[in-house]
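Asks: coords please:
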Amino acid sequence: MIIYISSGNGVAEVCRGLWYFLQWLDKRYDFQLIHTEVANCPKGYKSITLQSDDSRFKELEGTILWRAKSPFRPMHKRKNWYFSLSCYTQREETTIDESRIVYQTMKSPKKGGQHVNTTCSGVRARYELLGIEAISYDERSQYRNRQIATARLHQKAYNLIIENASQQQKQQWKNGKDIKRGNPIKVFETDRFKEVK
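Replies: You can find the predicted model right below:
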């Protein structure tokens, strides 16, 4: 499962809320941090992407409220800062079936001596169902380059999942469909990010 946490419009206070929220999650949930989009403020994230098999993340899906004075604008009246969490299951079409990968060997286009120029040790791996490909000339061994190209192909497919989740979340924010300011799933308070039960 991919978990995408978004600050929406990227206001500094909300980005700080995401930073606190990641610390809070780290103490309570099992996940792997995939990507963070760093904000223009210290200790802040515009978005966070996680991967996890922890089904409890589903209980956090929706809008989250951090109630606190602005750490950046002391005279600012607003105290409610909203962000959202969405869960995406890995779809079948973004999972690579290795039996359907097409491999092609080739000579390296790089300069580098007799071995590079005379052998077909480079490998291109293509996966037509997703329209992606990966190439490796890193090693002198064709077998090793095949392994590297395959690993890169898996990474590209994985990146598609993250990109799709990110685009979908941004579209939801743009359309205003995901912001439910009156009904947050979780509420936190103060700069200690204390959960309100």
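Asks: Show the contacting residues for the closest residue in space to Phe193 that isn't next to it in sequence.
Replies: For Phe193, the nearest residue in space outside its immediate sequence neighbours is Tyr20; the separation is 3.9 Å by C-beta to C-beta, 6 or more residues apart in numbering. For glycine as for every other residue, the C-beta is placed from the backbone atoms N, C-alpha and C. Tyr20 makes contact with Trp66, Phe188, Phe193, according to C-beta atoms under 8 Å, 6 or more residues apart in numbering.
Asks: Report the secondary structure state of Tyr20.
Replies: helix (DSSP: H, G, I helix; E, B strand; the rest coil).
Asks: For stretch 34-45, which outside residues touch it?
Replies: Counting by C-beta under 8 Å, 6+ apart, 2, 5, 7, 10, 12, 15-16, 18-19, 22, 46-51, 72, 162 sit against stretch 34-45.
Asks: Just the buried ones from those?
Replies: Applying 16 or more other C-beta atoms under 10 Å to these, the neighbour count classes 2, 5, 7, 10, 12, 15-16, 18-19, 22, 46-51, 162 as buried.
Asks: Can you flag which of these belong to helices?
Replies: Among these, the members falling in helices (DSSP state H) are Ala12, Cys15, Arg16, Leu18, Trp19, Leu22, Ile162.
Asks: Please tell me how far the residue lying closest to the fourth one once chain neighbours are set aside sits from His76.
Replies: It refers to Leu18. Using C-beta to C-beta, 6+ apart and skipping the chain neighbours, the partner closest in space to Leu18 is Tyr45 (4.3 Å). When distance is defined by C-beta to C-beta, to the nearest Å, Tyr45 is 20 Å away from His76.
Asks: more crowded one of those two?
Replies: For Tyr45 versus His76, the count of surrounding residues by other C-beta atoms under 10 Å is larger for Tyr45: 25 against 11.
Asks: Could I get the pLDDT score of that one?
Replies: Residue-level confidence at Tyr45 comes out at 95, pLDDT.
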